[in-house]
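Peer 1: predicted model, plus sequence, below.
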Amino acid sequence: MPRPTIIALSTLWLLSLGTAYFIGTRSQSEATDAAEHTESKAASEAAHNPDRLIPAALTPSDSLVGVNLSALLDGERIAIEDALAEIPLLDSTSTRELLASAFMLPSSQPDRGRIIRALLENLAKTDPEGALELASSVESMREKERARIAVLQEWGQSDPSAALAWANQNLRDEPPRTRRAQISSIYRGYAVNNPQAAFNQALAIENDSRMRDQALNAIISTQVNSGNLQSAKQAIDAVDDDGLKTQLRAELVEEWASFDPEAAGRYVEALGDQASTRVKTELLGEWAESDPAAAAAWLGQLADDDPAIARASSAIIREWTRYDLNSSAEWLNSLPASPELDRAIISYTFRAAEEDPAAAMTWAESIENDRRRTWMMERVAATWKTKDAGAFTQYLDNSELTEAQRKKLEEAQNRGGRRW
């Protein structure tokens, strides 16, 4: 082949290689730029919407959001807590769709009401009136009220003015108890973000002192459980009405004692003469549920003539006898005798009758009130003769009862109930 031809072909081949390289490099660069642009756009969207949990191209039904709840509604065995945890992530459309499925669950489904209530509460974030309308279609009266309260509390948190305006217009014909409960739930939600404004507005309620008191109690309860104790105490201290102040302090102490009774006890001690019998009783009643012995020790610091001793001792005994009959009996024996202790003695006797009817009868005989003493002795007798007829007969033979009294005990029957 002539040399010029070889040179020409070589040149052409080199040009082809260069062109191919250029085209390949350009395509790769464009692909990289496109990918970087996509990533940059996604990053920008994420920066402007950090709470977005699913891609823009996906809807909740296309993603994993709600998958556990959907499976549960379809009859699969899913942990209820896992299903409920997804509900706050749902948009209003998905919430409505799942609500339709939840309403179709049989009434025998144990968690039906809880699921519907949680979905309605989530819908209330965007459409509270729509959520209330759906709540009205709940068949069970109890679940219906629970659902409405959950919706109104959510509405009270997001827009209390609108929620209260709706309540004033639409709850006029509701029974007083129902109306108060639902309006109080609005104030409970209101107190989450602005407790002082909620307190002031509730305090200004006129012509319905029960509504006012219930709303204020709901606000105090919300503050205590959210750790806002100091502002709750300050708000209560500023109340002029002494009776209302006592009531609110009792609510504060009861809620506080449910998780930190010792601190609540120190608060009551610091009140000094302002600590009413009601406040002390609420403290000790709640404290007794977690540590009756500690509650009894605190009560032991009070003066012998303090009315709280008689009132609170019954609550302490009622809880203490569930765990330790002997220690609770020793403590009850250490209290100064008085007719006001009858209720505490009755509480103890009820518990003791099942385990030690002979000791229970001794306690029943110590009740001061004649009618209560006779009634309680008959209750113990009915249990005792069933458990150990011989021992019961021996007690009757050795007692100083009249023939009429003995006959009453022999014929006594347990009729149930614990009223006196």
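Peer 2: Everything's here; your move.
Peer 1: for the rest of this, base every contact and every neighbour count on C-alpha atoms.
Peer 2: Noted.
Peer 1: give me the neighbour count for residue 365.
Peer 2: Neighbour count of residue 365, defined by other Cα atoms under 10 Å: 15.
Peer 1: actually residue 206, sorry about that
Peer 2: 10.
Peer 1: same check, this time on the one 4 residues further on
Peer 2: Around residue 210 sit 14 other residues, with neighbours defined as other Cα under 10 Å.
Peer 1: now do the one 4 residues further on
Peer 2: Other residues lying near residue 214 total 19 when counted by other Cα under 10 Å.
Peer 1: just residue 224 next, same as before
Peer 2: If you count neighbours by other Cα under 10 Å, residue 224 ends up with 20.
Peer 1: now it: how far from residue 237?
Peer 2: 15 Å (Cα to Cα, to the nearest Å).
Peer 1: next one: residue 317
Peer 2: As for residue 317, its distance to residue 237 is 32 Å (criterion: Cα to Cα).
Peer 1: can you check residue 271 too?
Peer 2: From residue 271 to residue 237 the distance is 11 Å (Cα to Cα).
Peer 1: which of these two has more neighbours?
Peer 2: For residue 271 and residue 237, the more surrounded residue by other Cα under 10 Å is residue 237, and the numbers stand at 14 against 11.
Peer 1: surely the more buried one is in contact with residue 245?
Peer 2: Yes: in this structure, residue 237 is within contact of residue 245 by Cα atoms under 8 Å, at 7.2 Å.
Peer 1: middle-most residue in the chain, spatially?
Peer 2: Per Cα atoms, centre = their mean, the C-alpha nearest to the average position across the chain is that of residue 225, at 9.9 Å.
Peer 1: give the buried residues for the helix or strand encompassing residue 168.
Peer 2: Using DSSP states H and E, the element containing residue 168 is helix 160-170. The neighbour-count check on helix 160-170 (16 or more other Cα atoms under 10 Å) flags 160, 163, 164, 167 as buried.
Peer 1: show residues contacting stretch 103-115.
Peer 2: With contact meaning Cα atoms under 8 Å, 6 or more residues apart in numbering, stretch 103-115 is reached by 73, 80, 84, 102, 116, 143.
Peer 1: which of the residues you listed are buried, as a ChimeraX select command?
Peer 2: This is the ChimeraX syntax for the buried subset of these, where burial follows 16+ other Cα under 10 Å:
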select :73,84,102,116,143
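Peer 1: among the contacts of stretch 103-115, which are in helices?
Peer 2: Among the contacts of stretch 103-115, the members falling in helices (DSSP state H) are 73, 80, 84, 102, 116, 143.
Peer 1: next, format these as TSV and append pLDDT.
Peer 2: Formatted as TSV, the ones in helices among the contacts of stretch 103-115 follow (pLDDT from 0 to 100):
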residue	pLDDT
73	92
80	93
84	94
102	95
116	97
143	95
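Peer 1: now distance to residue 341 too, for these, in a markdown table please.
Peer 2: Conversion of these to a markdown table gives the following (distance: Cα to Cα, whole Å):
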| residue | distance to residue 341 |
| --- | --- |
| 73 | 54 |
| 80 | 46 |
| 84 | 48 |
| 102 | 52 |
| 116 | 47 |
| 143 | 40 |
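Peer 1: could you export the strand or helix carrying residue 156 as PDB, CA atoms only?
Peer 2: If you go by DSSP H and E, residue 156 is part of helix 141-158. Provided in PDB are the C-alpha atoms of helix 141-158 (Å, rounded to 0.1, in the frame of the first residue of the first chain):
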ATOM      1  CA  MET A 141     -71.900   5.500  74.200                       C
ATOM      2  CA  ARG A 142     -68.800   5.200  76.300                       C
ATOM      3  CA  GLU A 143     -66.500   4.900  73.300                       C
ATOM      4  CA  LYS A 144     -68.300   7.800  71.600                       C
ATOM      5  CA  GLU A 145     -67.600  10.100  74.600                       C
ATOM      6  CA  ARG A 146     -64.000   8.900  74.800                       C
ATOM      7  CA  ALA A 147     -63.600   9.600  71.100                       C
ATOM      8  CA  ARG A 148     -65.100  13.100  71.300                       C
ATOM      9  CA  ILE A 149     -62.900  13.900  74.300                       C
ATOM     10  CA  ALA A 150     -59.800  12.800  72.400                       C
ATOM     11  CA  VAL A 151     -60.700  15.000  69.400                       C
ATOM     12  CA  LEU A 152     -61.600  18.000  71.500                       C
ATOM     13  CA  GLN A 153     -58.400  17.800  73.400                       C
ATOM     14  CA  GLU A 154     -56.400  17.700  70.200                       C
ATOM     15  CA  TRP A 155     -58.400  20.700  68.900                       C
ATOM     16  CA  GLY A 156     -57.900  22.500  72.200                       C
ATOM     17  CA  GLN A 157     -54.100  22.100  71.700                       C
ATOM     18  CA  SER A 158     -54.000  23.400  68.200                       C
END
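Peer 1: please spell out which residues along the helix or strand where residue 264 lies are buried.
Peer 2: Element membership for residue 264 (DSSP H and E) is helix 261-271. By neighbour count with 16+ other Cα under 10 Å, helix 261-271 contains the buried residues 261, 262, 264, 265, 268.
Peer 1: same question, stretch 234-248
Peer 2: Those would be 235, 236, 244, 245, 246, 247, 248, for stretch 234-248 by 16+ other Cα under 10 Å.
Peer 1: rounded mean pLDDT for it, please.
Peer 2: Across stretch 234-248, pLDDT averages out at 95.
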